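Undergrad: Starting from these lines, generate the structure:
(one chain, ligands or ions: 2)
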Amino acid sequence: MEVKTKISIQKIFNDNVEKAVFKALELINAKKVMTKEGMTILIKPNILQAKPPERAVTTHPEVIRAVIHWVNQFNPAKIYVCDSSGGAERGITEKSMKVSGIFATCEEEGVECIPFEKTKTRVYHVKNPLELDHFASSSLIEEVDLIINVPKIKTHGQCLLTCCIKNMFGTILRINKPKTHAQFSTLERFCGALADIYSVSRPQLTVIDGYLCQEGAGPSKGDVVKLNLILAGFDGVALDSVVCKLIGINIDDVKYIKKAEKKGLGTTNLDHVEILGESIENVSRKFKLPFTTPISVPLPRFLSNFVGNTLFKASVKFNPKKCKLCSTCWTSCPVDAIKPPAIRRLGNVPSWNRKKCITCYCCAELCPHEAIDFKVDYLKNVFLSITELF
Ligand code: SF4
Ligand code: SF4
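TA: Ligands and ions are numbered 1, 2, ... in the order given. This next block holds a predicted model:
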């Protein structure tokens, strides 16, 4: 008889996050991964940016608290809560941990909250790489007994969705993130690299924060959705697939999910998944998608690259009323496509180099003042594409 992978879906009632987390974990019999007393546990939230919990950019601290309480029942020796935020600013992960409320929660619970970049690092070699054959990350990934992934459901300008697999991009050390984006400049290749990164950490357990989510211009300036859900499971590929169904995304449009399946990291076939608790149909809610949504038109690769990189190429727009000239965008751009204005005075904005830009959307994702938008100017794109041909 086929053994299906179990995924639980629980509603959060009256903001009682802990009750939903405990129930979700009970339904899948998550305690089977707590194999002994005195285990060392690594909890990996999404701490993308220094934003408060109500903005729904980072994993909600109450979800982290609930996971810590659940783990504590099994007398662990040590719990770490780690991540590496985006952006070139020194100390940005510590700042994000504080502003997101996760640092204070860990302090209250007696748990160590530490940026990956402050731990010992080592180089990991990827088995059967699709794109990335090795990368540097924290030695904790191989030293701990168990990794619990605690991602958040958000739409994503470049990849369409960020949840389980994409959350493990946070195991890449802050300073190496732009390099990885630049190395795999097409969405196709970047998604292969994401599957490679996930294959190294491959969390044994995942608890998804579907409490406050982001739709539209996620993952940092989207609209907040109070979805009031917790999902739990062991297979991150299956969980990402369920989340797609839940929020109305075509699984094939989130390219890293199929790539992770191809690497044997889980299943996208929901016939092989047993849903416990709420049914997907009962709690589904269609999310607004980023306007930069990749188009799933079956074109030959050279043509889809041409169409994506020319006709549909989005232009970066800086909002002079919001820009504080903080330098985050030009120091974080992986290909040096943004330059500061010649005169650094409020009201002036950075400049953008269309040719260099690989539309990774990192600048918009990381701008602390939500001052960057993307626009597709088809007419201008047609004109530029023609002139670039000659
Ligand atoms: S656009 Fe945003 S990230 Fe760039 S300098 Fe202005 S405020 Fe900073
Ligand atoms: S300009 Fe923005 S979208 Fe373009 S490559 Fe740089 S960070 Fe990425």
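Undergrad: how far away is K263 from G192?
TA: 9 Å (C-beta to C-beta, to the nearest Å). Any C-beta I mention is one placed from the backbone N, CA and C, and that applies to glycine too.
Undergrad: which residues in the stretch 101-250 of the chain form strands?
TA: Using DSSP state E, counting those that start in this stretch, the strands of the stretch 101-250 of the chain run over 112-115, 121-125, 134-138, 146-150, 152-156, 160-162, 205-215, 223-233.
Undergrad: quick one: strands adjacent to the third one?
TA: Going back to what we said before, that points to strand 134-138. Take DSSP bridges as the rule and strand 134-138 pairs in its sheet with strand 121-125 (antiparallel).
Undergrad: mind listing what's buried in the partner strand?
TA: Buried residues in strand 121-125, defined by neighbour count with 16 or more other C-beta atoms under 10 Å: Y124.
Undergrad: how about the residues of the chain that lie near ligand 2?
TA: Within the chain, the positions adjacent to ligand 2 are 316, 333-335, 337-338, 352, 357-363 by C-beta under 6 Å from any ligand atom.
Undergrad: okay, those residues in TSV with distance to ligand 1, pLDDT and secondary structure next?
TA: TSV is the format used below for those (distance: C-beta to the nearest ligand atom, whole Å; pLDDT from 0 to 100; DSSP: H, G, I helix; E, B strand; the rest coil):
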residue	distance to ligand 1	pLDDT	secondary structure
V316	9	92	strand
C333	9	94	coil
P334	14	93	coil
V335	15	94	coil
A337	12	96	coil
I338	7	97	strand
W352	10	95	strand
C357	14	92	coil
I358	17	89	coil
T359	16	88	coil
C360	14	90	coil
Y361	13	89	coil
C362	10	92	helix
C363	7	94	helix
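Undergrad: Tell me, how many residues neighbour I175?
TA: Applying other C-beta atoms under 10 Å, we find 12 residues neighbouring I175.
Undergrad: can you tell me how far it sits from ligand 2?
TA: As defined by C-beta to the nearest ligand atom, to the nearest Å, I175 lies at a distance of 15 Å from ligand 2.
Undergrad: Output the helix or strand where V63 lies in PDB with nothing but the alpha carbons.
TA: Here V63, judged by DSSP states H and E, is contained in helix 61-72. Below are the C-alpha coordinates for helix 61-72, written out as PDB (Å, rounded to 0.1, in the frame of the first residue of the first chain):
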ATOM      1  CA  PRO A  61       7.300  35.700  16.600                       C
ATOM      2  CA  GLU A  62       4.300  33.900  18.100                       C
ATOM      3  CA  VAL A  63       4.700  31.100  15.600                       C
ATOM      4  CA  ILE A  64       8.400  30.800  16.600                       C
ATOM      5  CA  ARG A  65       7.400  30.800  20.300                       C
ATOM      6  CA  ALA A  66       4.900  28.100  19.700                       C
ATOM      7  CA  VAL A  67       7.500  25.900  17.900                       C
ATOM      8  CA  ILE A  68       9.900  26.500  20.700                       C
ATOM      9  CA  HIS A  69       7.300  25.400  23.300                       C
ATOM     10  CA  TRP A  70       6.500  22.300  21.300                       C
ATOM     11  CA  VAL A  71      10.200  21.400  21.000                       C
ATOM     12  CA  ASN A  72      10.700  22.000  24.700                       C
END
